[in-house]
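S.K.: Build the 3D model from these lines:
(3 chains)
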Amino acid sequence: MTYEDKLAEFQTRIDAGEKVETNDWMPDDYRLATLKFIEMHANSEVMGALPEREWIPRAPSLRRKMSLTAKVQDEVGHGQLLYRVAEDLGKTREAMFEDLIHGRTKFHNVFHYPTEHWGDVAIIGWLIDGAALVTQRALLDCSYAPYARVMKRICSEEQLHLRHGEDITLELANGTERQRWMFQDGLDRWWEPIMHFYGPPSNPDKDVLLKYRVKSKSNEELRQEFLDHYVPRILDLGFELPDNGLHHDSESGQWIHGEIDWDPFWKVVKGEGPRTEARLSKRRAVWDHHRWVREALSESIWKAA
Amino acid sequence: MDIWEVFQQRGPSDPYVHVGSVLAPDRDVAIVYAKECFFRRMEGRGLWVVRREDVHRLTDPAMLEQVTDKSYRYPEAYRGVVEKREKAHAKYARKDAPKVDSTVAGDEF
Amino acid sequence: MTNLSPAFKESLEPLLLAIADDELIMGHRHSEWTGWAPHIEEDIAFSSIAQDEIGHANLFYTLLSGVIDKSPDEIALARQSSEYRHAIICERPNRDWAYTLARHFLYDTAERIRLESLRASAYKPLADVADKLLREERYHELHAEAWFSRLSSGPMEGRHELTVALSEALSDAIGLFEIIDSEQVALEYSILPESNEDLLQKFLSDASERIESYGLPFQLSPSESEGEFLATSSGEMIEGSDEQAAAPPAIAEAEGKWQVTGEFAGMGGRRGKHSPEFDELWDDLTKTYREEPTATW
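M.R.: Residues are numbered from 1 along each chain as shown, chains lettered A, B, ... in the order given. Below is the predicted model:
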């Protein structure tokens, strides 16, 4: 069978909704696109742990200290699941980490921003995890079966995170003036990165991930789903959304956002976000300093004799 | 001969689960035997065999127990959100905004 | 807890506080690795140990809250830095994975020895908690031992990193058995079944035996000469200045082996004398709580 024949057969399988396993034959562009996508997802989990973890040492109660630690632990756990899936597609974890810390691969735009206070923990836990869950739920039916399998576990943990985040939010919403300010201030700073969350409007016809049913929804669809779910819930708590153009369209029942300024987004994509370098350079430092740990863990290096 | 543990995947997105074991002299024969012992009626679409000596177990299952309170790792710990939503709604909800159903537990969309 | 005599209470309080603070500050430091550990699977594993230690602290603060009528959070987060009674080893910055492992090994050894002894405490709630926590401690020690075993028989660099870190952590570890306020009374009531001095001896023999079993170049001899390990017997050695608390480790390499010489660093914690690094830790630990002390979070 020629490569072209194999390719046609593969596309037929995909179109019929069949799943691809690690050892199945797959076209190179499928493998590459899927690997790149999962690798970025994995990078985003471990980099996404960082802004949140800044508040573990400063959590306001013993209970929150434990629950936030556990929550960040889950995010790192998602990184673990995803790196393993990506590794099996043909790239070592070492190579993925090297590429990440040297800025050769990306992590999600929303994790390049600073955190200021406990209000940010509420925003991340409720709204950013909520935004991520919209994306992740859409991946449950992904054509790459190992990815779909880990997504099941990830989504179920994310449901818990959402409640955890909402619980923190509601304590602030029902709390003192200062606590309410914390959430509103966080919202004012994070709303724009959240609007950037799903990326700019894309052309579905050119998206190889859609063609191969790795992804099933466009950026715009995902953003709309997020807005329709969260905007009313935020307003219900009496907070203000920093978007003058935002309005409810009674005909479609949808929440329509105002104009989005994409300049800050493109800056982040270029690796020039406000905390990009700080977070990556600390990762580099920890990575470089602990080479001896990796050596000790890799038996083959020293047990060859 | 060795004992080989047999794992089976039922559907395309399902995980592999342990279904039994076979006695076989090597890997290739173990796969054949596993197929005949456990897949005669197309019970699955994927098959793994693992030599039993390569399966390692936790010898002290008590380690899996949670000694101190880890309730914060479970959704049940956040049941209180429903009541807290209603409390915030009563005090702060924007009157011009469309109504939100705040009685739903969790946020399952 | 109204049926406890004032003297009983007075000796119970500093004991519970010291143990609880050890657990909290240790858990706090361990939790700083969450998101940063040098291997992803390990990040997850070590995070659970951090959560366990904070959970232990919560249990001891809860016991204490029954004695002094304050909430566990209030006890844990509403004090000034000089009011914390943990040993200095717990507050030392994580530095790197080698130091973290060395301290983890020593701390959990010390914790096991303390909890085993406290199972016989005349204060039943304390004995019960000790019994319960020992189960979790077995797992912590298993984790530390797995790393010690791998590093000590692994490549030279890792073995060396661990050895150096252990020498530093060891001298600080003595502070975990520093005398506690009203210890004599706690001993008389059998709230504390064994003195810290006795526990220290147990700790040293237990730790040294295990360290030697990995073939690491340490020689830890029990207290033959006065003043070497008897740091807590009279309280004399812990009298004193902040410089003493911040003094460099007193274990040195001689004739190819690490030997304990001179005095120990890491004393003073039980009297509220801490290193400058603790001020930073305290600032983080209590930051959000201090913003609105009356709020619920």
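
S.K.: Please report how far C:A7 lies from C:E188.
M.R.: Counting by C-beta to C-beta, to the nearest Å, the gap between C:A7 and C:E188 amounts to 9 Å. (Glycine included, C-beta is placed from N, CA and C.)

S.K.: Can you show me the CA trace of stretch A:24-34 as CSV?
M.R.: Extracted in CSV, the C-alpha atoms of stretch A:24-34 (Å, rounded to 0.1, in the frame of the first residue of the first chain):
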residue,chain,number,x,y,z
ASP,A,24,-1.4,2.2,15.1
TRP,A,25,0.0,3.6,11.9
MET,A,26,-0.7,7.3,11.6
PRO,A,27,0.3,10.0,9.1
ASP,A,28,3.3,12.1,10.1
ASP,A,29,1.3,15.3,10.1
TYR,A,30,-1.2,13.7,12.4
ARG,A,31,1.5,12.5,14.8
LEU,A,32,3.3,15.9,14.7
ALA,A,33,0.2,18.0,15.2
THR,A,34,-1.1,15.8,17.9
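
S.K.: For that stretch, give me every contacting residue.
M.R.: When contacts are defined by C-beta atoms under 8 Å, 6 or more residues apart in numbering or on different chains, stretch A:24-34 is touched by residues A:6-7, A:10, A:20, A:89-90, A:144, A:147, A:208-209, A:212, A:214.

S.K.: Check stretch C:31-44 too.
M.R.: The contact list for stretch C:31-44 (C-beta under 8 Å, 6+ apart) reads A:46, A:49-50, A:52-53, A:56-57, A:65, A:69, A:72-73, A:75-77, A:79-80, A:83, A:93, A:282-283, A:286-287, A:290, A:293-294, A:297, C:46-47, C:50-51, C:54, C:94, C:97, C:100.

S.K.: all strands for chain A, in order.
M.R.: For chain A, the strands defined by DSSP state E occupy A:247-249, A:254-256.

S.K.: do you know which of those strands lies nearest chain C?
M.R.: If you check each of these against chain C by C-beta to the nearest C-beta, strand A:254-256 wins as the nearest, at 29.8 Å.

S.K.: quick one: the strands in chain B?
M.R.: B:2-9, B:16-24, B:46-51.

S.K.: So in that sheet, which strands flank the shortest one, and in what orientation?
M.R.: So the one you mean is strand B:46-51. Note on strand B:46-51: by DSSP bridges, its sheet partners are strand B:2-9 (antiparallel).

S.K.: Make sure C:I88 is actually in contact with C:I174.
M.R.: No - under the criterion of C-beta atoms under 8 Å, C:I88 is not in contact with C:I174, lying 10.0 Å apart.

S.K.: Give the buried residues for stretch B:23-42.
M.R.: Using 16 or more other C-beta atoms under 10 Å in any protein chain shown as the test for burial, stretch B:23-42 gives B:24, B:29-31, B:33-34, B:38-39.

S.K.: related to what we said a few turns ago, so for C:I88 and C:I174, which residues contact both of them?
M.R.: Common neighbours of C:I88 and C:I174 (C-beta under 8 Å, 6+ apart) are C:266-267.

S.K.: can you list the residues of the stretch 101-250 of chain C near chain B?
M.R.: Contact residues (C-beta under 8 Å from any C-beta of the partner chain) of the stretch 101-250 of chain C with chain B: C:132-133, C:135-136, C:138-139, C:142.

S.K.: Now the buried members of those residues.
M.R.: Buried, going by 16+ other C-beta under 10 Å: C:133, C:136, C:139, out of these.

S.K.: just the strands of chain B: most buried one?
M.R.: Ranked by mean neighbour count, those are led by strand B:2-9 with a mean of 19 (mean count of other C-beta atoms under 10 Å in any protein chain shown).

S.K.: ok and that strand relative to strand B:16-24, angle-wise?
M.R.: 150 degrees (axes from the mean of the first three to the mean of the last three C-alpha atoms, to 10 degrees).

S.K.: which residues of the stretch 101-250 of chain A score low on pLDDT?
M.R.: By pLDDT under 70, the stretch 101-250 of chain A contains no weakly predicted segment.

S.K.: near chain C, which residues of it?
M.R.: So the stretch 101-250 of chain A meets chain C at A:117-118, A:168, A:171, A:175-176, A:178-179 (C-beta under 8 Å from any C-beta).

S.K.: Keep those, but drop any that are not near chain B.
M.R.: A:E171.

S.K.: can you tell me the distance between the two ends of stretch C:62-79?
M.R.: Using C-alpha to C-alpha, to the nearest Å, one end of stretch C:62-79 lies 16 Å from the other.

S.K.: So is that stretch next to chain B?
M.R.: No - Stretch C:62-79 does not reach chain B (C-beta under 8 Å from any C-beta); its nearest approach is 9.9 Å.

S.K.: And chain A, is that stretch touching that?
M.R.: Yes - on the criterion C-beta under 8 Å from any C-beta, stretch C:62-79 is in touch with chain A at C:72-73, C:76-77.

S.K.: can you check stretch C:143-157 too?
M.R.: Yes - applying C-beta under 8 Å from any C-beta, one finds stretch C:143-157 touching chain A at C:150-151, C:154-155, C:157.

S.K.: Compare the residues you listed and tell me which is most surrounded.
M.R.: The most crowded member of those, judged by other C-beta atoms under 10 Å in any protein chain shown, is C:L151 (27 neighbours).

S.K.: That residue contacts C:H160, correct?
M.R.: No - with contact defined as C-beta under 8 Å, C:L151 does not reach C:H160; the gap is 9.5 Å.

S.K.: sorry, back to before: which of the strands of chain B sits closest to C:N3?
M.R.: Of all the strands of chain B, strand B:16-24 sits nearest to C:N3, with 55.0 Å by C-beta to C-beta.

S.K.: Remind me what that closest one packs against, helices and strands.
M.R.: Counting contacts by 3 or more C-beta pairs under 8 Å, 6 or more residues apart in numbering or on different chains; DSSP states H and E, strand B:16-24 is packed against strand B:2-9, helix B:27-38, strand B:46-51.

S.K.: As TSV, the ones you listed with mean pLDDT would be great.
M.R.: Shown next, in TSV, are the helices and strands packed on strand B:16-24 (pLDDT from 0 to 100):
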stretch	mean pLDDT
strand B:2-9	95
helix B:27-38	93
strand B:46-51	96
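
S.K.: what would those look like in CSV with distance to A:D263?
M.R.: Shown next, in CSV, are those (distance: least, C-beta to C-beta, whole Å):
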stretch, distance to A:D263
strand B:2-9, 48
helix B:27-38, 58
strand B:46-51, 48
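
S.K.: Now, of the contacts of stretch C:31-44, which are buried?
M.R.: Buried residues within the contacts of stretch C:31-44, counting neighbours by 16+ other C-beta under 10 Å: A:46, A:49-50, A:52-53, A:56-57, A:65, A:69, A:72-73, A:75-77, A:79-80, A:83, A:93, A:283, A:286-287, A:290, A:293-294, A:297, C:46-47, C:50-51, C:54, C:97, C:100.
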